[in-house]
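Visitor: Sequence and predicted structure, then a few things I'm wondering about:
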Amino acid sequence: MPITNFDPRVHGFHFDNDFVTHVIGNIETRGLCGGMAFAALDYYYAGIPIPTHEGDDFPDGRVPAEGSRLRSFIFKRMMNSVERNAAQWLNVLANPAFNPKRFTKRHLDDLRAEIDAGRPVPLGLIGTDKIIGGAAGNHQVVCFGYDITANGRSLTLQIYDNNFHDQTVTLTTDPTNPETITYSKSSKWIAFFMAKYKADRPEYFDLALNHGIQLDLHGPTQEINGAVARQRPLDDNGRPLPPTHATVQFQECGQKMGAHYRVRNYGDYPARLSRLVLKMRDPSGDESFFAANEVTTIAPGSESGAGKDLAIFPDESGGYDLRAQYVNTQGKAIRIPARAPGTDNDVHFSAVPPGTRPRKIVPGLVHA
């Protein structure tokens, strides 16, 4: 079954598409499905965790308030989705010769090729081809995988539907004759297509490191000027900062050792999580939680952290990696992005037998 690593519990928004936008006077529009689909893909392709906010965190108990940074970004991406796919939607709603079955079949090969290449894509779902009320009867979601039977007569798409947060929704049809479309939710669709999409860097995020992983090691340290950090921290606009230097650090086995980090909620609403953790990978490749903090809410502008001090570090020599993560409310571990300059969310150190000293490090042989 071809599937990307997009996961609605990780990469989808944790609230539903219950937007009501006031246009002029008493005129309202409902839903920003195209904006939510585009924005979710923006976070995914940028490698930035999607905001942790849930519906209860917002003033109306459903969605970010009008004028807020997150809502403004989603609304902007909604307008972008309309602009990029206007011709396609117009063809659906205004072309008297529109044939839903033929239309769907023509787009299936391109859709499957994108998923085969590991790229989730926005999907336009068509509920009606009538110009009156057409916009309200159609929808946009994210397709991130598919399964097809051996005889090629049944195709099932895996979908993040922004009307149903933290769930995988499925759409099934016969790719050789897509006249009947079955949806795992109550919605009815007559056709679908892969929407045109161009990534944009997200303008809003909440949880990020403001004090990266700090190590308290008992062993020699060597700094390699000009080496590139494993992941460069972001500036105030979410862009990577220039590389500084990397530090090669050593810990003597049997000595005390500590590691800590601090995280801040840079968003406008409470950050929701299950806990903050420091994940450690040992020389054998096994992973475990080095430290954990059972924090579930971080208020806007507030900080929290995780860390531990060991009286005696394990006696297994070799390379160790520590990574700053939070576990979201769906139980998924998320890497915390670095926000402030000089912060590290992933550090490496080497444990050496007591009394030994490492060999000289050659900068050209150090790889980020």
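Guide: Noted; the coordinates are in hand.
Visitor: Would you mind identifying the next helix or strand past the longest helix seen in the chain?
Guide: In terms of residue count, the longest helix belonging to the chain (DSSP state H) is helix 69-94. Downstream of helix 69-94, the first helix or strand assigned by DSSP states H and E is helix 100-116.
Visitor: For that following helix, name the packing helices and strands.
Guide: Secondary-structure packing of helix 100-116 (3 or more C-beta pairs under 8 Å, 6 or more residues apart in numbering; DSSP states H and E): strand 121-126, strand 139-148, strand 191-194. Where C-beta positions appear, they are placed from N, C-alpha and C, glycine not excepted.
Visitor: other SSEs contacting the first one?
Guide: Which is strand 121-126. Using 3+ C-beta pairs under 8 Å, 6+ apart, strand 121-126 sits against helix 33-46, helix 69-94, helix 100-116, strand 139-148, strand 191-194.
Visitor: and those as a markdown table, adding mean neighbour count, distance to residue 162 and mean pLDDT?
Guide: Below are the helices and strands packed on strand 121-126 laid out as a markdown table (neighbours: other C-beta atoms under 10 Å; distance: least, C-beta to C-beta, whole Å; pLDDT from 0 to 100):
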| stretch | mean neighbour count | distance to residue 162 | mean pLDDT |
| --- | --- | --- | --- |
| helix 33-46 | 25 | 4 | 97 |
| helix 69-94 | 17 | 10 | 91 |
| helix 100-116 | 16 | 19 | 93 |
| strand 139-148 | 22 | 7 | 96 |
| strand 191-194 | 24 | 15 | 94 |
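Visitor: Can you convert those into TSV and add a column each for distance to residue 175?
Guide: Shown next, in TSV, are the helices and strands packed on strand 121-126 (distance: least, C-beta to C-beta, whole Å):
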stretch	distance to residue 175
helix 33-46	22
helix 69-94	20
helix 100-116	5
strand 139-148	7
strand 191-194	12
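Visitor: List just the one of the ones you listed that sits closest to residue 126.
Guide: Closest to residue 126 of the helices and strands packed on strand 121-126 is strand 191-194 (C-beta to C-beta; 4.2 Å).
Visitor: Pull the distance from the very next helix or strand once past the closest one to the chain's centre.
Guide: For strand 191-194, the succeeding helix or strand toward the C-terminus, using DSSP H and E, is strand 207-216. Remark: strand 207-216 is offset 20 Å from the chain centroid, using C-alpha atoms, centre = their mean, to the nearest Å.
Visitor: Strand 207-216 - contacts with which helices or strands?
Guide: Using 3+ C-beta pairs under 8 Å, 6+ apart, strand 207-216 sits against strand 257-265, strand 303-310, strand 318-327, strand 346-352.
Visitor: swap the cut-off to 6 Å and go again
Guide: Under the contact criterion of 3 or more C-beta pairs under 6 Å, 6 or more residues apart in numbering; DSSP states H and E, strand 207-216 touches strand 257-265.
Visitor: angle of the strand it packs on against strand 303-310?
Guide: Counting by axes from the mean of the first three to the mean of the last three C-alpha atoms, to 10 degrees, strand 257-265 lies at 170 degrees to strand 303-310.
Visitor: partners of the helix or strand following strand 257-265, with directions?
Guide: Per DSSP H and E, strand 257-265 leads on to strand 271-272 as the next helix or strand towards the C-terminus. Its sheet considered, strand 271-272 pairs with strand 297-298 (antiparallel) by DSSP bridges.
Visitor: quick check, residue 166 in a helix?
Guide: No: using DSSP: H, G, I helix; E, B strand; the rest coil, the assignment for residue 166 is coil, not a helix.
Visitor: burial count for it?
Guide: For residue 166, the neighbour count with other C-beta atoms under 10 Å is 19.
Visitor: who are the neighbours in contact with it?
Guide: Going by C-beta atoms under 6 Å, 6 or more residues apart in numbering, residue 166 touches 8, 9, 330.
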